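Trainee: have a look at this prediction, sequence included:
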Amino acid sequence: MYLSSAIDIYDPSDRFNVRSVYIETYGCQMNLADTELLFGHLGRHGYRRTDDPAGADVILLNTCAIREHAEERVVGRLGDLVRHKTRRPDVQIGLAGCMAQHLRDTLLEQLPFVDFVVGPDAYRRLPELLGGAGDPFVDVRLDRDETYADIIPQREHGVRAWVTIMRGCDKFCTFCVVPYVRGRERSVPAAAILDQVRQLAADGYREVVYLGQTVNAYRDGDVDFAQLLRRTDAVDGIARIRFTSPHPSDMSEQVIGAMASCPKVCPQVHLPVQSGSDRVLARMERGYTVTEYLDLVGQLRRAIPGIALSTDVIVGFPGEEESDFQATCTLMQTVGYDNAFMFKYSARSHTKAFKWQETVSEEEKGRRLQTIIALQERRAADVNRALVGTAAEVLVEGPARRREGWMAGKTPHFKTAVFPANGARPGDVMPVRITDATAHTLVGVAQDGLVPG
Ligand code: 5AD
Ligand code: SF4
């Protein structure tokens, strides 16, 4: 296990120095994993995690910048949280993450009660900065080498652990702010990742999810993503391996081969397509055509029969005509996704597309979005209903939310399944016969053959 330098580590006997930190997370899984990293790092420097902002010494919002709405939510929430500072002026309120990086030049002016702003590559210095003279500070330097490989995240307990294996993105899709706020692509050393996975197995986690903005672009020397999957598959104690989000252009034969031949790698992949029109894909600079994407889907389905596919789709990109939108509907029907995340285009400063005239009205974007949401709901319900009567191995996560005495977990295809508990505990792999299904949940009964966790 990699450890950070011992020099400035918190001495637990120094209990009067314990300060508490409250973190709220917005956006994607990468941000949730970064929050665990922040808790881990701050924890080693004398900060105790709290879930109550009313008692916290430091209030931190780990933010997202992917769409304007994400930033508006954070500004609204800050307005709420500022009352803690009115009552207790020593409280430090700050922003971390992508929005902090995105709006770095204006945030302190715009929101004068904010004490600090730290970008995604500046977390290492946070304890030192927080312990300073109390003046507001901004640290938004991007560092093309920072991977935080030596910092041990403080994870939520559970059966699934998120492991960030690469940071940043070099793709520069014309709509996307990520390369500007998370910086250049870089990979965590394979040895550090595998150490972490072995430790996770020892700590009782059953599933690891590898994270990265373009996770399958992973490379550490000779170890590419396919190699990493194979090495992870060999770690005892881990039952399942997933990853998100791969980029279609990096989905090599080697990666597909590793997915097909590693028993622990789940038959499920999130493959963001963004649009079903070649004209729009070219303007988005996604690096593939519809034919190439469908080819890839074909390869995946041949190599891993029954693989579950999900995607991201944007409607209303500048220049998207009705015919382009129809092409997106056609592609969604052709592929038949198990799940899709669908968004209205949101112009982001710094990106190439930001300078382009928007051509689709908000109202029309809304109509297009509703159309594909309805299409996808019908499709997801059909896919799930076709599973009634089959059996699936459910990795049990905990009690079902809406049914007393029932448990919930995920199938290998990443579908939520609920079933009467019947003695099953979190971490068990339970064979479940599916008796009913909605677009988002499978309902079933446990069968004999429990594999205890
Ligand atoms: N507007 C709308 N959606 C966006 N995404 C990324 N940038 C934008 C934007 N400017 C979506 C993409 C991506 C997902 C994480 O968010 O679909 O895959
Ligand atoms: Fe954004 Fe494209 Fe990079 Fe994904 S691949 S993070 S959409 S720039």
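Mentor: In hand now; what should we look at? Ligands and ions are numbered 1, 2, ... in the order given.
Trainee: do a quick rundown of the strands in the stretch 201-350 of the chain.
Mentor: Under the criterion DSSP state E, counting those that start in this stretch, the stretch 201-350 of the chain carries strands at the ranges 207-211, 219-220, 223-224, 240-244, 268-270, 308-315, 339-344.
Trainee: out of these, nearest to His69?
Mentor: Between His69 and the strands of the stretch 201-350 of the chain, the shortest gap by Cβ to Cβ is with strand 339-344, which sits at 8.9 Å. No exception for glycine: its C-beta is placed from N, CA and C like everyone else's.
Trainee: what sits up against the helix or strand that comes right after that closest one?
Mentor: Sequence-wise, the next helix or strand downstream of strand 339-344 (DSSP states H and E) is helix 362-385. Helix 362-385 is contacted by residues 313, 315-316, 325, 328-329, 332-333, 336-340, 342-345, 360, 415, 437-442 when judged by Cβ atoms under 8 Å, 6 or more residues apart in numbering.
Trainee: and helix 362-385, which residues are buried?
Mentor: 364-365, 368-369, 371-372, 375-376, 379-380, 383-384 (16 or more other Cβ atoms under 10 Å).
Trainee: Val82: what secondary structure?
Mentor: helix (DSSP: H, G, I helix; E, B strand; the rest coil).
Trainee: the nearest residue to it once chain neighbours are set aside: what secondary structure?
Mentor: Distances taken as Cβ to Cβ, 6 or more residues apart in numbering place Phe113 nearest to Val82, at 5.1 Å, with adjacent residues excluded. With three-state DSSP as the basis, Phe113 sits in coil.
Trainee: need the contact list for Phe113.
Mentor: 78, 82, 85, 93.
Trainee: pull the most distant pair out of these.
Mentor: Applying Cβ to Cβ across the contacts of Phe113, the maximum distance is between Leu78 and Lys85, 10.1 Å.
Trainee: look up how far Arg88 lies from the residue nearest to Val82.
Mentor: 13 Å (Cβ to Cβ, to the nearest Å).
Trainee: next: His270.
Mentor: His270 is 42 Å from Arg88, by Cβ to Cβ.
Trainee: one more: Ala56?
Mentor: The value you get for Ala56 to Arg88, if Cβ to Cβ is used, is 9 Å.
Trainee: the two - which one has more neighbours?
Mentor: Using other Cβ atoms under 10 Å as the criterion, Ala56 and Arg88 rank with Ala56 on top: 24 against 12.
Trainee: my read: that one touches Arg49, true?
Mentor: No. Applying Cβ atoms under 8 Å as the test, Ala56 and Arg49 come out as separate, 9.4 Å apart.
Trainee: which residues of the chain lie near ligand 2?
Mentor: 169, 171-173, 176, 178-179, 213-214, 247 (Cβ under 6 Å from any ligand atom).
Trainee: who's in contact with Thr214?
Mentor: 166, 169-171, 185, 245-247, 250.
Trainee: mind redoing it with 6 Å?
Mentor: Applying Cβ atoms under 6 Å, 6 or more residues apart in numbering to Thr214 gives the contacts 169, 247.
Trainee: how much space is there between it and ligand 1?
Mentor: Separation of Thr214 from ligand 1 (Cβ to the nearest ligand atom, to the nearest Å) stands at 10 Å.
Trainee: next one: Glu71
Mentor: With Cβ to the nearest ligand atom as the criterion, Glu71 and ligand 1 are 11 Å apart.
Trainee: are we agreed that that residue is in a helix?
Mentor: Yes. Per three-state DSSP, Glu71 lies within a helix segment.
Trainee: number the residues from 25 up from this point.
Mentor: That works, and once the first residue is 25, the last one we named lands at Glu95.
Trainee: spatially nearest residue to it (excluding sequence neighbours)?
Mentor: Nearest non-adjacent residue to Glu95 (Cβ to Cβ, 6+ apart): Met123, at 5.1 Å.
Trainee: burial count for Ser385?
Mentor: 10.
Trainee: quick check: it vs Ile90, distance?
Mentor: 21 Å.
Trainee: try Pro203
Mentor: 12 Å.
Trainee: who's in contact with the closest residue to ligand 1 within the stretch 225-374 of the chain?
Mentor: Closest approach between the stretch 225-374 of the chain and ligand 1, counting by Cβ to the nearest ligand atom: Asp336, at 3.3 Å. Applying Cβ under 6 Å, 6+ apart, we find Asp336 in contact with 296, 365.
Trainee: who does it bridge with?
Mentor: Counting by DSSP bridges, Asp336 is bridged to Phe365.
Trainee: circling back: out of Leu102 and Lys109, which sits in the busier spot?
Mentor: Leu102 (19 against 16).
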